[in-house]
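In: Give me a model of this one.
(one chain, ligands or ions: 4)
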Amino acid sequence: AKNSDRNCYRFFSEEMNRQAADQILLANALKEAIRTDQLYLVYQPQVHAATGRLEGVEALARWTDPALGMISPGRFIPVAEETGQIEAIGLWSLRAACRQMAIWMRARIEIPVVSVNISALHFRNPDLPRLIGDILNASGIPPQRLTIELTESAMIENYEQTLVAAQAIRAMGIGLSMDDFGTGFSSLSNLANLPLNELKIDRSFMDGFEPTGKVHSVVTAIIRIGRSLGMTVVAEGVETQAQLDLLRQINCDVIQGYFFSRPLGVQDLEAWLHARPD
Ligand code: C2E
Ligand code: CA
Ligand code: CA
Ligand code: CA
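Out: Ligands and ions are numbered 1, 2, ... in the order given. The predicted structure is shown next:
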């Protein structure tokens, strides 16, 4: 038994070494990708549930490495958070999204709001509001046309700092949205205490979302809480007409998901807008 235990341990540690090596490889490639501007943004439409009007777009980061190929944000965002690169990605995303918004405004392409993902880790940096303000000013877009999505991959530590940053962001007139609500670390106390104007129901709730099931009860309750706190409630990961119909019945404000569109590059988004009836 002793021998096999040792073998088991050896396999386990080899696997761990391999994973650690992968992480380091990825972290280095990511640093290079940020430096050489290999990241880009795609934009997913958000549609008003009742009227079908475009409410805005969410900017999502994409990375194609020349050697490693396409790497999903589900892989590189956690690496960035672990290796101290998440702030660089957040600022890069903000700059790129605001710059694109300014281009759309000049071209009179009607995109009311752009939402950018900022990690909860970044909110601990007291410089964040000032940096956001600088990026906004440089782009010339009005603050009402930018929303920050607070993404929590870890418990909000330094709650005081997060609150101060959140208040400063809201005071500038920028929107603040709680992302992935109902899973992981996002909590009801954050909802009550942070100056949020939007709540996004995590897309995992769309699994098993049926007319009378338990998931339906939970989603109904989340929408009621969000709306009673004066927030716009967004459902993400909406893929079917049936999900859309149910969400309309329970007064969800805004819909995001493959049912309307996947995240799109700039040209594809403009074509998508063009093809829509007003
Ligand atoms: P998220 O912020 O929750 O973004 C929504 C994710 O759901 C996106 O995945 C989007 O492509 C996907 N999605 C949208 N509609 C549907 C649908 O109908 N069905 C399904 N199955 N999926 C849908 P993506 O682009 O792979 O991004 C994954 C996560 O990576 C994001 O989740 C966000 O947390 C993070 N992320 C992406 N870009 C950035 C960024 O610039 N900064 C930070 N901090 N995080 C980012
Ligand atoms: Ca998001
Ligand atoms: Ca989300
Ligand atoms: Ca998510």
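In: May I have stretch 49-68 as CSV, with CA atoms only?
Out: The C-alpha coordinates for stretch 49-68 follow below in CSV (Å, rounded to 0.1, in the frame of the first residue of the first chain):
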residue,chain,number,x,y,z
ALA,A,49,-37.1,43.1,-22.9
ALA,A,50,-40.4,44.9,-23.5
THR,A,51,-39.6,47.0,-26.5
GLY,A,52,-36.8,45.2,-28.2
ARG,A,53,-34.7,48.4,-28.3
LEU,A,54,-31.0,48.2,-28.0
GLU,A,55,-30.0,49.3,-24.5
GLY,A,56,-26.2,48.9,-24.9
VAL,A,57,-23.4,46.4,-25.5
GLU,A,58,-21.1,44.6,-23.1
ALA,A,59,-17.4,44.6,-24.1
LEU,A,60,-15.7,41.2,-23.7
ALA,A,61,-12.0,40.6,-24.1
ARG,A,62,-10.6,38.2,-26.7
TRP,A,63,-7.0,36.9,-27.1
THR,A,64,-5.5,35.1,-30.0
ASP,A,65,-1.9,34.2,-29.4
PRO,A,66,0.2,33.5,-32.5
ALA,A,67,1.5,30.2,-31.0
LEU,A,68,-1.2,29.2,-28.5
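In: which parts of it are buried?
Out: Residues of stretch 49-68 classed as buried: 49, 54-63 (neighbour count, 16 or more other C-beta atoms under 10 Å). Bear in mind the C-beta positions are built from the backbone N, C-alpha and C, glycine included.
In: Quick check: residues of the stretch 101-250 of the chain near ligand 3?
Out: 179-180 (C-beta under 5 Å from the ion).
In: which ones among the buried residues of stretch 49-68 are found in helices?
Out: Nothing among these maps onto helices, per DSSP state H.
In: tell me which of these is nearest to ligand 3?
Out: Closest approach to ligand 3 among the buried residues of stretch 49-68 (C-beta to the ion): residue 58, at 8.3 Å.
In: so how many other residues sit close to the residue nearest to that closest one when sequence neighbours are not counted?
Out: Sequence neighbours aside, residue 115 is the residue nearest to residue 58 in space, at 4.5 Å (criterion: C-beta to C-beta, 6 or more residues apart in numbering). Using other C-beta atoms under 10 Å, residue 115 has 25 neighbouring residues.
In: Stretch 249-262 vs ligand 1: in contact?
Out: Yes - residues of stretch 249-262 contacting ligand 1 under C-beta under 6 Å from any ligand atom: 257-258.
In: Provide the contact partners of stretch 155-169 at residue level.
Out: Applying C-beta atoms under 8 Å, 6 or more residues apart in numbering, the external contacts of stretch 155-169 come out as 120, 123-126, 128-129, 132, 148, 150, 176, 185, 190, 193-196.
In: Same question for stretch 180-189.
Out: 120, 151-156, 178-179, 191, 199-202, 204-205, 218, 222, 225-226.
In: how distant is it from the center of its chain?
Out: Distance of stretch 180-189 from the chain centroid (C-alpha atoms, centre = their mean, to the nearest Å) equals 14 Å.
In: follow-up on the earlier one: need the buried residues of stretch 49-68 in TSV with distance to ligand 1, can you?
Out: Below are those laid out as TSV (distance: C-beta to the nearest ligand atom, whole Å):
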residue	distance to ligand 1
49	15
54	15
55	15
56	14
57	12
58	7
59	7
60	4
61	4
62	7
63	10
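In: Nearest to ligand 2 among these?
Out: The closest of the buried residues of stretch 49-68, once distances to ligand 2 are taken by C-beta to the ion, is residue 58, at 5.7 Å.
In: you'd agree the closest one is up against residue 43?
Out: Yes - under the criterion of C-beta atoms under 8 Å, residue 58 makes contact with residue 43 at 6.9 Å.
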